[in-house]
Structures are given as structure tokens and as C-alpha cells.
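Q: No letters, just coordinates:
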Ligand SMILES: Nc1ncnc2c1ncn2[C@@H]1O[C@H](COP(=O)(O)OP(=O)(O)OP(=O)(O)O)[C@@H](O)[C@H]1O
Ligand SMILES: [Mg+2]
């Protein structure tokens, strides 16, 4: 089998006495959606932060496309093909939705050290950015400042920005949170197709979405992975049912 | 009328005022007002420079007097050497040609800004403010204690430096020259603001994590912005020294840094014409009230307080409405 796109080996991170990541090994393979589930405070976001480079692990390695990520900052990892969304939307609030995506398009094209040509009339930026907004269904809100978008629209915009980067792996931290049943359903359908563009590491509490989408599920509890397997395996795992799923399974 | 076109209208009005007053003053033989308008234009240019770092990048540099003063010293040192017929250090030929002086001032300020920025930008918030202040104070004390160029007493420029095809000794031509440079500075600011670089720079102000999460490291963007900002302020410093035919360490002092920040906050941070609006109000206040009371800065302080509390967009925001972003 081919080498996984993303591979974490024995990752550890403590905040004082709290072991937020306690020996996590996990991989993401081409074409799959790998869901990461677990109770609040289990350390899911902390893990995403370490993959992205905003938190430095105490020990362990992160390999992405065969390269060790240690020593690379967030921007460098993104340039190598990691596209992420944040659990709490993180946008340029004064920029319009379109300009937020244009920023990603410009970053993907390479140089941001161009000082004279106006971006507003640059079709090589506005064109692809608009396409990404259309893909997430936000084209009608293109001109609205990000700060004035609804919560759900901001989540969509985060996805559009990640798409615009054309990444080689997606890391989504609770993209469904606060979307409501309609929105979750739509996003579920969208992510289902997206796995063919790049594999997705999906942190999510919405179990309907996870069971519908995941090729594999890993369950994180107190910083440890207690089980990894297919949907059926995880649903029937007694330890997982006790620690997290309860009645949902 | 939309907010955008109203801001354009107000801005055009400011520019017309800035041109009309000295032209009228010259016609009725009151050259003092020409000097006043020149002072406005130059301070506005210095603040346009700072506005790149502060307004677009959110980098509150409390050390831009360093670049203003360095630009001034470049003009003064060139003039002094040319006057005495001595070559400059490093075997450079002394000249009184302003274009050469301006380029030298900008190059020097850019070069000095790079290490200062590289160190200062490792910090943020109040530490950034303090560290830029500290660097500027170091340069200030260096100038005070270095006797070759006048030390504390400063350096006189006996004959204003020259510009091809223009009699710079006359107030009105020199004003028009400074106005032209100011307009060039404004055009540069607007181009930067609308460019890819400006987009990244404004994103670094609004949310540096977002910028990094699309793969652009905020540090490099900020460093270049800091250097470009310093170059424009340094250019203004060279013009200022030639206006006064004098340069002294006071151009490097923290008062000057504070004054530049005040101009921007007063006029409207991040707005194209904010610095000009701020400089006009500041200089007119200084002139109108400075003659009556030494405490004129008290009244300026009151206005500044009002702006900060009730009109975050500055005077320009008050007149023209909320800024729109693309
Ligand atoms: N910077 C930090 N400093 C100290 N403790 C932290 C820090 N970040 C996270 N933690 C703690 O680490 C633990 C894991 O947090 P994390 O945000 O990764 O959980 P999570 O699995 O994403 O939870 P949720 O489902 O609520 O988003 C929590 O107990 C949290 O309080
Ligand atoms: Mg989380």
C-alpha cells in the first residue's frame, strides 16, 4: 500500500500536568475521510494545531507527503499543502467574503510582494475566488464583509478558503458546528465528494455526518486514541460506547 | 451619495485647499502662508509613510522620528559637504541635487529600518511600541553626542538644496515641489493598499493567524511594510530639513514620533487622506492657537480625545462616513 499522506507517530503534548496529547499515532491515506471523534476536551483541536504548526509537540513526529514537519511554521506547512479550517472561524473580518478567498488564491499563486497592480480588477484572483464561493453556495454574499456574515456563512467561507488553496490534505475542525440540520446535510454531501480532491481529517461531533462520511474513525479520549476502525467496528466497540458514544451508536 | 464618493469629495476638497491657500497667499504677498502650507504637505507625507505601517499593517511604530530625522540629516550633511567642497564619507560625491539626496535618504532609511524592524517585529503590542521607541532614542542620543554635524545644536543648511529646472529658494516653487512629492506618496499608498501586498498587509493587521493559514508568513510582509514606510517618512524628513534649512536632533525625538501618530489618529487611520487632514488641523491649530497660548497642545489633546472616543475613523471618517473595504 502507498505511503499515507499524513502520518503522526507517538505525538505527545502536555499543558502543565494535563496530557492533552498522550502518545497519538494516526495516519491519513489518499482518498479517505478519517474522522477524529471524542468528548469535549479530549485533545482533538490540540492535535490539529500540532499538525498545522500553531502548537509545537513535546515529542513525536509529523510526516506530511514524506517530509518531517518539525521546524516548519504554519505558513510553510500550508504552502506544502495542508489546508485547514478553524473550530472558531478565523477570517479577515473587514474584508469581503470574496477578498478573503482572493487572499488564499494569491497565496497559492506565490508572490504577495507585488505592490502596484490592483487586485480588485485582477481576474486571475477574482475568477477562482468566485468559483470557490459558488462551490460552497456563498456567491450571493461575495461583497459582504466577513464580520457581517452569519455564523453558518462564516463556516462556509472557511471551507471556500481551504478549497482555494488546492491543498493535498484537508484538516477540518468541527465544520458542522452551529450549522443546523439543513446546513449539516448540505455540507455532508459536499465533503463526500471532496475526498476525491484530497483526503480529509475530520474532527466532528455530529455523529450522523461522521457515520455517513468516514472511511475510518479514530476515537480520542484524554489525549489517547482508544480505537481506530471502520464505522461498523467503532459502533460496536464496547469501550468506545462507554467512553463516548453512549446511546448515539 | 455613497460613502466612498463622499470621502473622495472631501479628499479632493482638502487637496484644493492645500493648493489654493499658498497660491493666493503668494499673489497677495504673504509668503508666510506658503511656508505653512509646505509644512502641512511635508508632515502629511511623513504621516503617509507611517500610515503604511500603522494604518494598513496595524504596526504602531513609536520610532518613526528616527527615519524622519535620518532623512533630514542626509539633506543637511549633503548640503554641508557640498557647501564646503568636501567629499562625503565612503568617497561619495557631495551634491545639492534633491533627487540624489532623496534617493539617498530613502535608501538609508530602508537599510536602517530592516534590522530595527527585524528585531522589533519579534514583539507585538506595547512591546513593539517600546522597542521602536528605544531604537529611535538610540539614534537621537547618537546625533546629540556626535559633534561633527552640530551635535545638540543641529546643522544649518546655508542654501536650500536644488532641483533641476526649479528655483527652490522661492517659497511657492518649493511648495509645489513638496506638493508633487506628497501626491506621489499618496498615489503609492493607494496602489499599495489595493495590491496583493496591501491585501496581505491588511490581513496581517486584521488576523495574522488567518494570513499564516493561507500560507503567507506575516513577518516578511510586516518587515517590508515597515521598511517602505520608513523610506517614505525619511523622504519627508529630507524635505523638512530643506524647508527649515536646518536639521537638529529634535527631528529625531520621541515628540516627533508621537506627533506623526497624532496626525494619523486625528485624520483617520488607514485612510488615504487621513494624514493630510490630520496635518492640516494640527498645523493650523499650532499656528492659530500657538500665538495666543503656549498651552495650544491642551486643546489639541481635547480634540484628539474626542476623536478617539467618538470618531474612530478620525476627522475624515466624521466628514465622509464609514470606510468601505473591498
Ligand atoms: N493552550 C492551552 N493551554 C492549556 N491548556 C490547554 C490549551 N489548549 C487546550 N488546553 C486544554 O487541553 C485539553 C484539550 O483541549 P482541546 O481544545 O484540544 O479539546 P477538543 O477535543 O478540541 O475539545 P472540543 O470538542 O470541546 O473542541 C482541554 O482540557 C483544554 O482545556
Ligand atoms: Mg476542539
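A: Yep, it's here. Fair warning: this is a prediction, and the values are worked out from it, not measured in the lab. Residues are numbered from 1 along each chain as shown, chains lettered A, B, ... in the order given. Ligands and ions are numbered 1, 2, ... in the order given.
Q: for chain A, what spans make up the strands?
A: A:6-15, A:18-28, A:33-37, A:59-64, A:67-68, A:82-85, A:169-173, A:200-203, A:216-221, A:224-229 (DSSP state E).
Q: and chain A, which of its residues are near chain B?
A: Residues of chain A found near chain B (C-beta under 8 Å from any C-beta of the partner chain) are A:52, A:54, A:73-76, A:78-79, A:84, A:86, A:90-96, A:99-100, A:102-104, A:106-108, A:111-120, A:125, A:145, A:161, A:165. Backbone N, C-alpha and C define where each C-beta goes, glycine included.
Q: Mind doing that once more with 7 Å?
A: A:73-75, A:78-79, A:84, A:90-96, A:99, A:102-104, A:106-107, A:112-120, A:145, A:161, A:165 (C-beta under 7 Å from any C-beta of the partner chain).
Q: for the chain, what are the low-confidence residue spans?
A: Here I'm looking at chain A. Residues of chain A that meet the criterion pLDDT under 70 lie in A:1, A:247-249.
Q: meant chain B, my bad for not saying
A: In chain B, residues with pLDDT under 70: B:1-4, B:322-326.
Q: residue ranges for the helices of it, please.
A: Applying DSSP state H to chain B gives helices spanning B:3-27, B:31-51, B:65-84, B:98-120, B:125-145, B:171-194, B:196-206, B:208-213, B:218-244, B:254-267, B:274-290, B:296-310, B:314-320.
Q: Could I get the ones you listed in a markdown table, plus columns for distance to residue B:163 and mean neighbour count?
A: Formatted as a markdown table, the helices of chain B follow (distance: least, C-beta to C-beta, whole Å; neighbours: other C-beta atoms under 10 Å in any protein chain shown):
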| stretch | distance to residue B:163 | mean neighbour count |
| --- | --- | --- |
| helix B:3-27 | 17 | 15 |
| helix B:31-51 | 14 | 25 |
| helix B:65-84 | 12 | 26 |
| helix B:98-120 | 5 | 20 |
| helix B:125-145 | 26 | 17 |
| helix B:171-194 | 6 | 19 |
| helix B:196-206 | 30 | 25 |
| helix B:208-213 | 41 | 24 |
| helix B:218-244 | 10 | 26 |
| helix B:254-267 | 25 | 22 |
| helix B:274-290 | 22 | 22 |
| helix B:296-310 | 33 | 13 |
| helix B:314-320 | 31 | 23 |
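Q: which residues touch the residue of chain A found nearest ligand 2?
A: Across chain A, the shortest distance to ligand 2 (C-beta to the ion) belongs to residue A:45, at 3.1 Å. Shown in contact with residue A:45 (C-beta atoms under 7 Å, 6 or more residues apart in numbering or on different chains): A:87, A:173.
Q: can you rerun that using 8 Å?
A: Residue A:45 is in contact with A:87, A:173, A:203, counting by C-beta atoms under 8 Å, 6 or more residues apart in numbering or on different chains.
Q: The last one pairs with what?
A: Yep, that's residue A:203 we're talking about. Following DSSP bridges, residue A:203 is listed with bridge partners residue A:36, residue A:173.
Q: Can you tell me how far it is from chain B?
A: Using C-beta to the nearest C-beta, to the nearest Å, residue A:203 is found at 16 Å from chain B.
Q: That residue: how many residues sit nearby?
A: If you count neighbours by other C-beta atoms under 10 Å in any protein chain shown, residue A:203 ends up with 23.
Q: Also the second one?
A: Look at residue A:173: counted by other C-beta under 10 Å, it has 22 neighbours.
Q: May I have the phi/psi pair for residue 150?
A: Unless you meant another one, I'm taking chain A. Backbone torsions of residue A:150, given as degrees, to the nearest 10, read phi -70, psi 170.
Q: which residues sit in contact with the most centrally placed residue in chain B?
A: For chain B, residue B:46 is the residue whose C-alpha lies nearest the centre (C-alpha atoms, centre = their mean; 0.7 Å). Taking C-beta under 8 Å, 6+ apart, we find residue B:46 in contact with B:64, B:68, B:232, B:233, B:236, B:237, B:240, B:260, B:263, B:275.
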